[in-house]
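A.B. asks: what follows is a predicted structure for the sequence shown.
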Amino acid sequence: MFTALVLARAVHISATLVLEGVLIFRSFIAATLPLHGTPVTQAGGASFPERTPFLIALAAIVLISGVAWVLVLGGQIGGEGVVRALTQGVDVALLKQTQFGTLWQIRAALALALLVILLGATSSNPSSCLGRAVLAVLATALTGSLAWSGHGAAKPGPAGNAHLIADVLHLIVAGIWIGGLLPFAFRLW
């Protein structure tokens, strides 16, 4: 059970960071860089990680791995596995009666909003500047909200608030850096 929880968390966090970074890159950096040696004004396209199908897949992975995280955690808390936790209502109690559950409901809504918006965009109908900015903001909020599932959220008072703010900023910047490297590498290649 512990391995499944580690795997679900690792996939979820990784996909969240990459999704944020790619969306930030697409929204604020891509327009200033040439694509495959073509000047920016003639590029007219996006490299693979910036394309909508890849972003849809990432958003789906974020949503699915987030659900897996909650299900496996419920199974671990109940001590009897995921199916038993579902049938005994452990996962429902986790979602409705804990700060963690409230956070994950918000995170699921953010991930679902990203997925729905991306599904509405097509390659033939590239998203507007405002649409790209909305996606970037949603992805940044999704990434920053991971801090509330860490140690910073457990400490009360001013020291805990400072820790939480530091965690939020660290996650956001890490997502921009790690996720932005992927489309940047494709642009260089």
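C.D. replies: Structure received.

A.B. asks: right, and residue 26 touches residue 132 too?
C.D. replies: Yes: here residue 26 reaches residue 132: they are 6.1 Å apart, a contact under Cβ atoms under 8 Å. No exception for glycine: its C-beta is placed from N, CA and C like everyone else's.

A.B. asks: quick one, which of those two is more surrounded?
C.D. replies: Neighbour tally, residue 26 and residue 132, criterion other Cβ atoms under 10 Å: the higher count belongs to residue 26, 24 against 20.

A.B. asks: just the helices in the chain please.
C.D. replies: 2-24, 40-43, 52-78, 82-88, 90-97, 99-120, 129-144, 157-188 (DSSP state H).

A.B. asks: what mean pLDDT does the last one get?
C.D. replies: By that I understand helix 157-188. pLDDT averaged over helix 157-188 equals 90, rounded to a whole number.

A.B. asks: which positions in it come out as buried?
C.D. replies: Neighbour-count burial for helix 157-188 flags 163-164, 167-168, 171-172, 174-176, 179-180, 182-184, 186-187 (criterion: 16 or more other Cβ atoms under 10 Å).

A.B. asks: helices and strands around it, which ones?
C.D. replies: For helix 157-188, the packing partners by 3 or more Cβ pairs under 8 Å, 6 or more residues apart in numbering; DSSP states H and E come out as helix 2-24, helix 129-144.

A.B. asks: please repeat the previous calculation with a cut-off of 10 Å.
C.D. replies: Helices and strands in packing contact with helix 157-188 are listed as helix 2-24, helix 52-78, helix 129-144; criterion 3 or more Cβ pairs under 10 Å, 6 or more residues apart in numbering; DSSP states H and E.

A.B. asks: so how far is it from its chain's centroid?
C.D. replies: Distance of helix 157-188 from the chain centroid (Cα atoms, centre = their mean, to the nearest Å) equals 11 Å.

A.B. asks: can you check the first one too?
C.D. replies: Computed by Cα atoms, centre = their mean, the chain-centroid distance of helix 2-24 equals 7 Å.

A.B. asks: ok, the fourth one next?
C.D. replies: Going by Cα atoms, centre = their mean, the spacing between the C-alpha centre of helix 82-88 and its chain's C-alpha centre is 26 Å.
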